[in-house]
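Q: Need a 3D model of the following:
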Amino acid sequence: MISHSILKSFLNLSSISKHEWDDLGETINHNLPRQEETITEVLLLNIKRWVPCIDKIIGFSKGEEGRNGADFQWTIINHKQNISYNMRFQAKRIQSNLTEYKDINRHIGNDKARPMQIDVFLNSSKLANCVPLYIFYNYLNNLSILPDKCPAIHCITNCISNKLCITNKQFSHTHKVWGIAISPARKVLNNLNKTILTKRNKTAHNQKVATHIKDSMPIRCLFCPKYLGITDEGEIDPDPYMGNFLDVIIQRISDLYHEHGLDESEDYDPNLGVVQGTPENVQEVLNTLKNFTDSPIPEERLTALSEKFDGCGALMITEIN
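A: Residues are numbered from 1 along each chain as shown. As a prediction, this is how the structure comes out:
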């Protein structure tokens, strides 16, 4: 039942995010290495284990990230309506100073004209018809910068407790769900460029967490029960939400994009990421997973698939039948 799957995805992504908050905090406090790649690899494994709304995950042979700036792609396929939606994610973790994100202003290559990674990410995502999103890994000691706007923070409803035997006590310290947050890449770029050079501030780009997090939301909010039409009494509003989970995800991303107003420079395209049918490269992955169900996928096959996804590290697939 899709409602149970959504509720479970919401709860388990909450838990995954809170664990990442704790793990990153210990990493920073003990001066241990923990890069975005490591966090993302663990995240994908945990999503495969615990998030039922995402059916399949495949990791490709690691390509040159500089080719497109993407760490992974998520494609949602609605077979009923013969439509798909593509999102690509670039991961960044908070720096050890707990005030800035690491390397949002990263450049690719060694020559003087080397492009910024975020520009490559935006351009390649558009060419691949994917919505570009940043995924931020957070741990904070200043909770006052967290936006108090996400309804999921306050919607631990009776329906969740009743249907999944979860007590409200398990949702104490809800700020930890910001351990994994997402933000539209165009918002990130605009915020990156909002800085004034002074004698004290000679940094050309604004990577401050306080600036970027206001345009973010916890990743679990994609599965918010209230947003999906599940009432406090556990009743389901069937029209239109539960009949079209894909529309809800698209609306969530759109709303995140439009919060705090929309600058003309952001050039928001509501049709970006929408594909008729199943994308050819995604269908090829589905066929590969079907053919190699009981055995490891050969390395050369993974390399060939990686080429078709411009070097993305992995693909997540949700199928709605």
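
Q: what about the longest strand in this structure?
A: Scanning the chain for the strand with the most residues, using DSSP state E, yields strand 83-93.

Q: average pLDDT for that one?
A: Regarding strand 83-93, the rounded mean pLDDT is 97.

Q: same thing with stretch 250-264?
A: Stretch 250-264 carries an average pLDDT of 75.

Q: same question, stretch 311-321
A: pLDDT averaged over stretch 311-321 equals 92, rounded to a whole number.

Q: Just the C-alpha atoms of that stretch, please, in CSV.
A: The C-alpha atoms that make up stretch 311-321 are tabulated as CSV, following Å, rounded to 0.1, in the frame of the first residue of the first chain:
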residue,chain,number,x,y,z
GLY,A,311,29.8,9.8,-15.0
CYS,A,312,27.1,9.8,-12.3
GLY,A,313,28.1,7.7,-9.4
ALA,A,314,24.7,5.9,-9.0
LEU,A,315,21.1,5.8,-10.1
MET,A,316,18.0,5.4,-7.8
ILE,A,317,14.7,4.3,-9.4
THR,A,318,11.2,4.5,-8.1
GLU,A,319,8.5,2.7,-10.1
ILE,A,320,4.8,3.5,-9.7
ASN,A,321,2.6,0.9,-11.3
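
Q: from the middle of its chain, how far away would it be?
A: On the basis of CA atoms, centre = their mean, to the nearest Å, stretch 311-321 is displaced by 12 Å from the centre of the chain it belongs to.

Q: Now do the helix or strand I135 falls within and strand 83-93, the angle between them.
A: When elements are assigned from DSSP states H and E, I135 belongs to strand 131-137. In this structure, strand 131-137 runs at an angle of 40 degrees to strand 83-93, with axes from the mean of the first three to the mean of the last three CA atoms, to 10 degrees as the basis.

Q: quick one: Y139 and N97 touch, right?
A: No - Y139 is beyond contact range of N97, at 11.5 Å (criterion: CB atoms under 8 Å). (C-beta placed from N, C-alpha, C; glycine too.)

Q: neighbour-wise, which of these two wins?
A: Here Y139 and N97 are set side by side on neighbour count (other CB atoms under 10 Å), and the busier one is Y139, at 21 against 9.

Q: per-residue pLDDT, that one?
A: Model confidence at Y139, expressed as pLDDT, equals 97.

Q: returning to what we had before: what helices or strands is the longest strand of the chain leaning on?
A: Using 3 or more CB pairs under 8 Å, 6 or more residues apart in numbering; DSSP states H and E as the contact criterion, the neighbours of strand 83-93 among helices and strands are helix 36-50, strand 72-78, helix 117-127, strand 131-137, helix 245-258, strand 274-276.
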